[in-house]
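I'll drop the sequence and a predicted model, then ask my questions.
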Amino acid sequence: MPVESLKNIAKATLPFDLPLGLYLLQKNGEFVDCNTRLREILELPEGEIKANIADFYKNSKDRERLCKMADEADPPGSFIENQKVCFKVKNQDKWVEITCRAHFKPGVGKIVSNIIGYEGYIRDINEEEGLRNLFEQVPTGVYRLDKDDKLILVNKALTKMLGYDNEEELRDRSVRQFYADPTLEDEIQKELIQKGFIVNRQVELVKKNGEKILVKVNATAIKDYEGQYAGREGIILDVTTEATYRHILDEMPIGTYIIRNNDKDEAIITACNNAFATIFGYEKAEDIQGHKIAELYMHPDDQDEFVQMLYKAKNNDEALVSYPIRAKKKDGSEVTIEVHGRLSTNHKGKVIGRVGAVRDISEEVVLFDLKEDVGRTLHVYSSTLMMIEHALNPVRVYLKRAPFDIKETVFEYDSVTFNHLAELLKNHLEELLNMYGTKDNFNNSFLKSQFENLIIELLNLKDYKERIKYWVLQVPGLHDTATNISNICDKLLLDDEILDLKLGDVLKASEDLERFCNIITLKDIEISVLESDHQVSTFRDYVTFHKKTQESKESHSIHNLIQQAIKDHIEFARVKKVDIEYEEPMRKYMVRISRRHLTRAISNLIHNAVKYSWTKQRKNQP
């Protein structure tokens with residue numbers, strides 16, 4: 001009976017030509033009847049319906065909720081409207097909107113126990129729901145404005161972008177409130193009215209906390225039935241991070257680039273910053289983009305060699321760093337660049353281009369060549385110093401062989417010997433002058449003038465210690481005195497009035513002092529040469545460091561390194577009268593280090609130790 005009653009109700013109430021899916025169910029959910037549209041929505045076959053509505057609910061609790069709402073409707077039998085439910089149709093989710101009500105036995109009270117079935121209709125909102133989900137889930141800000149530029153629709157992405165907690169905080173607010181420059185809205189609206197759309201318009205917006213962000217706006221104008229502006233809808237993309245990195249790249253003092261291979265496997269410059277363009281003589285990045293990278297090589301083979309090095313680096317999972325290339329500017333002039341690069345691959349691992357950075361090192365190359373020239377010059381200078389030192393050595397030995405009136409065993413190049421020779425010359429000169437009396441004893445004007453000169457030189461010999469404090473400064477002065485006396489004596493030997501014997505004593509004493517002063521001077525020159533050689537060699541090593549291959553760290557004996565450094569300073573120590581004693585406590589120790597670096601350090605220590613050592617011949621410690 002209930003089913004027959006429901007069938008009669010269906011014939012009377014179910015129009016079968018509506019775009020809504022109409023249905024009539026028994027209380028247990030079995031279909032009594034439905035229209036064609038419902039069969040389409042639920043993909044039911046023609047003929048008798050053997051399905052149960054419960055089979056289509058993705059979540060069974062949704063049906064229980066709808067039945068309870070229909071059973072408890074007030075007044076009884078009234079419709080429960082627009083309930084959104086997800087069905088499962090042939091394993092595919094399908095969103096529908098259901099409106100339904102309960103049917104009761106005829107002629108009895110409308111209570112739950114008298115319900116015999118349910119009537120309603122279903123609207124397919126699957127596409128609509130998909131669009132709604134897309135609107136909510138898309139990571140790009142989506143919005144709609146009314147004709148007064150107030151927000152009437154925003155999605156979660158735009159809400160989060162502007163720093164708000166929910167969409168309600170944004171609705172009905174003027175879009176001008178979000179501009180860093182509100183007057184910009186007038187320009188945008190004017191362009192929309194004229195063109196009907198805007199594309200990638202860059203705008204600065206202000207978030208809820210006052211922070212500014214940079215966005216790109218795309219929008220389409222909405223027109224009313226009269227064709228008048230009625231608002232707009234569009235999307236907003238936050239490009240703050242992109243713009244920041246773009247700004248960094250544009251301001252970087254080195255050139256950055258992206259190269260992609262075209263269909264002909266030609267390497268094309270697809271992106272670069274302004275610094276890259278400037279290096280090659282172009283005004284801005286756009287002027288060089290689209291060019292073949294091969295156009296920038298001074299020699300065609302250089303590109304093939306460079307690409308081979310990129311593949312080699314890729315095989316080692318590395319980037320190619322500091323690779324020098326002779327490149328060509330727009331005007332054809334040469335520029336030397338340093339390239340840092342890495343190959344780019346697609347998702348299949350195929351090489352599609354390369355990315356990297358370049359730096360103009362033309363000035364550094366000039367400096368490099370200059371340093372090589374300086375290195376060669378220093379090498380020649382160092383060799384010349386050593387040649388002078390070796391040339392001075394036999395001269396010094398020859399002068400030392402002169403017949404001084406001092407035992408060779410006690411001879412020293414110091415103030416004691418210097419003062420002794422000066423005193424000896426003074427004594428012989430006094431004896432000569434006393435022998436002939438005053439200059440008035442000579443009638444010969446020539447002899448008078450010569451003896452006047454000898455008296456002056458004698459005064460220099462007597463008071464040089466008072467006039468000049470340090471003996472090393474006394475040497476040049478008494479050298480001139482001894483030379484003057486020797487010249488006077490040579491002239492006097494030509495006069496018959498002067499006795500040769502005493503004059504010869506004065507001449508020999510003056511020559512001895514003169515030779516000693518020369519030896520001291522040569523000794524100082526020798527020390528200066530050896531010190532200069534060390535300094536020049538050290539400087540040459542620094543200047544020419546780029547030419548030397550980087551030494552790997554290896555194990556070395558500290559004892560051997562010290563021995564080598566001592567050997568290099570033996571001659572310097574001999575001239576300085578310093579003995580180098582090495583007790584060899586380091587013989588068993590080994591170090592892992594660059595040999596050249598440690599040898600240089602030990603050499604510097606020994607050089608300074610010799611240079612500033614105290615000897616017994618010095619009266620005071622330095």
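Done, it's in.

quick one: which helix or strand includes residue 70?
Using DSSP states H and E, residue 70 sits in helix 60-71.

send the alpha carbons of that helix over as PDB?
Taking Å, rounded to 0.1, in the frame of the first residue of the first chain, the C-alpha atoms of helix 60-71 are listed here in PDB:
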ATOM      1  CA  SER A  60      26.600   7.800   5.400                       C
ATOM      2  CA  LYS A  61      26.300  10.300   8.300                       C
ATOM      3  CA  ASP A  62      25.200  12.900   5.800                       C
ATOM      4  CA  ARG A  63      22.100  10.900   4.900                       C
ATOM      5  CA  GLU A  64      21.300  10.300   8.600                       C
ATOM      6  CA  ARG A  65      21.600  14.000   9.200                       C
ATOM      7  CA  LEU A  66      19.300  14.900   6.300                       C
ATOM      8  CA  CYS A  67      16.600  12.300   7.300                       C
ATOM      9  CA  LYS A  68      16.600  13.600  10.800                       C
ATOM     10  CA  MET A  69      16.200  17.100   9.600                       C
ATOM     11  CA  ALA A  70      13.300  16.100   7.300                       C
ATOM     12  CA  ASP A  71      11.700  14.000  10.100                       C
END
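
Give me the helices and strands touching it, please.
Secondary-structure packing of helix 60-71 (3 or more Cβ pairs under 8 Å, 6 or more residues apart in numbering; DSSP states H and E): strand 80-89, strand 92-104, strand 115-124. (C-beta placed from N, C-alpha, C; glycine too.)

Strand partners (parallel or antiparallel) of the second one?
This means strand 92-104. strand 80-89 (antiparallel), strand 115-124 (antiparallel) (DSSP bridges).

Mind checking those for the one nearest to residue 313?
strand 80-89 (53.6 Å; Cβ to Cβ).

Buried residues, the closest one. List them.
80, 83, 85, 87, 89 (16 or more other Cβ atoms under 10 Å).

Stretch 463-478 now?
Using 16+ other Cβ under 10 Å as the test for burial, stretch 463-478 gives 464, 471, 474, 475, 478.

and the buried residues of strand 80-89, which two are the farthest apart?
Largest separation among those by Cβ to Cβ: 80 and 89, giving 21.9 Å.

coming back round to it: any chance of the strands paired with strand 92-104 in JSON lines, with mean pLDDT and distance to residue 72 too?
Formatted as JSON lines, the strands paired with strand 92-104 follow (pLDDT from 0 to 100; distance: least, Cβ to Cβ, whole Å):
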{"stretch": "strand 80-89", "mean pLDDT": "90", "distance to residue 72": "10"}
{"stretch": "strand 115-124", "mean pLDDT": "89", "distance to residue 72": "11"}
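
what's the closest of those to residue 520?
strand 80-89 (110.6 Å).

Now do that closest one: everything it contacts.
With Cβ atoms under 8 Å, 6 or more residues apart in numbering as the test, strand 80-89 has contacts from 41-43, 56-59, 62, 66, 69-70, 73, 93-101, 125, 129.

how about a cut-off of 6 Å?
Residues from elsewhere that reach strand 80-89 (Cβ atoms under 6 Å, 6 or more residues apart in numbering): 42-43, 56, 58, 62, 66, 69-70, 93-100.

cool, and stretch 426-435?
458, 461, 502, 505, 506, 509.

Can I get the buried part of the contacts of strand 80-89 as one PyMOL selection?
Those of the contacts of strand 80-89 that count as buried under 16+ other Cβ under 10 Å are selected in PyMOL with:
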select buried, resi 42+56+62+66+70+94+95+96+97+98+100
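
which two in the contacts of strand 80-89 are spaced the farthest apart?
Greatest spatial distance among the contacts of strand 80-89 (Cβ to Cβ): 43 and 69, at 26.4 Å.

that older thread, tell me which of the contacts of stretch 426-435 is nearest to residue 573?
Taking Cβ to Cβ as the measure, residue 573 lies nearest residue 509 of the contacts of stretch 426-435, at 33.2 Å.

Checking my notes, the closest one in a helix, right?
Yes - the assignment for residue 509 by DSSP: H, G, I helix; E, B strand; the rest coil puts it in a helix.

List of residues touching the helix holding residue 70?
Outside helix 60-71, the residues within contact range by Cβ under 6 Å, 6+ apart are 54, 57, 80, 83, 85, 100, 101, 102, 112.

can you redo these as JSON lines with distance to residue 606?
Converted to JSON lines, the contacts of helix 60-71 look like this (distance: Cβ to Cβ, whole Å):
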{"residue": "54", "distance to residue 606": "100"}
{"residue": "57", "distance to residue 606": "95"}
{"residue": "80", "distance to residue 606": "103"}
{"residue": "83", "distance to residue 606": "98"}
{"residue": "85", "distance to residue 606": "95"}
{"residue": "100", "distance to residue 606": "105"}
{"residue": "101", "distance to residue 606": "109"}
{"residue": "102", "distance to residue 606": "110"}
{"residue": "112", "distance to residue 606": "111"}
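
What is the nearest of those to residue 323?
Nearest to residue 323 among the contacts of helix 60-71: residue 85, at 65.0 Å, using Cβ to Cβ.

What residues are recorded as beta-bridge partners of that closest one?
For residue 85, the beta-bridge partners are residue 96 (DSSP bridges).

ok, now how distant is it from residue 101?
Distance from residue 85 to residue 101, counting by Cβ to Cβ, to the nearest Å: 16 Å.

Next: residue 52.
If you measure residue 52 against residue 101 using Cβ to Cβ, the figure is 19 Å.

Now which of the contacts of stretch 426-435 would you call buried?
For the contacts of stretch 426-435, a burial check counting by 16+ other Cβ under 10 Å picks out 458, 461, 502, 505, 506, 509.

Report the separation between residue 19 and residue 132.
20 Å.

and if you look at residue 460?
For residue 460, the distance to residue 132 equals 115 Å [Cβ to Cβ].

Repeat that for residue 317.
In terms of Cβ to Cβ, residue 317 sits 46 Å off from residue 132.

likewise residue 564?
Here the criterion is Cβ to Cβ. By it, residue 564 lies 84 Å from residue 132.

Including distance to residue 610, could the strands paired with strand 92-104 go into CSV?
Shown next, in CSV, are the strands paired with strand 92-104 (distance: least, Cβ to Cβ, whole Å):
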stretch, distance to residue 610
strand 80-89, 95
strand 115-124, 102
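
on that earlier part again, between residue 317 and residue 132, tell me which one has more neighbours.
Between residue 317 and residue 132, counted using other Cβ atoms under 10 Å, the more crowded position is residue 132 (13 against 6).

Which helix or strand contains that one?
Short version: residue 132 belongs to helix 126-137, going by DSSP H and E.

just checking, next helix/strand downstream of that helix?
Counting by DSSP H and E, what follows helix 126-137 is strand 141-145.

Least confident of the buried ones among the contacts of stretch 426-435?
Minimum pLDDT for the buried ones among the contacts of stretch 426-435 is recorded at residue 502 (76).

and that one, that's in a helix?
Yes - assessed by three-state DSSP, residue 502 belongs to a helix.

The residue lying closest to it once chain neighbours are set aside and residue 75, how far apart?
Among residues not flanking residue 502 along the chain, residue 432 sits closest, at 5.1 Å (Cβ to Cβ, 6 or more residues apart in numbering). Noted for residue 432: a distance of 157 Å to residue 75, by Cβ to Cβ.

which of the two has more neighbours?
Comparing residue 432 with residue 75 by other Cβ under 10 Å, the one with more neighbours is residue 432, at 21 against 6.

of the buried ones among the contacts of stretch 426-435, closest to residue 263?
Among those, and counting by Cβ to Cβ, the member closest to residue 263 is residue 461, at 100.1 Å.

just for the stretch 51-200 of the chain, where's the confidence low?
129-131, 133-135 (pLDDT under 70).

same thing but 80
By pLDDT under 80, the weakly predicted segments of the stretch 51-200 of the chain are 107-109, 126-139.

Same question for the stretch 501-622 of the chain.
501-502, 519-604, 606-608, 610-622.

just the helices in it please.
Along the stretch 501-622 of the chain, the segments classed as helices by DSSP state H, counting those that start in this stretch run 558-568, 570-575, 595-611.
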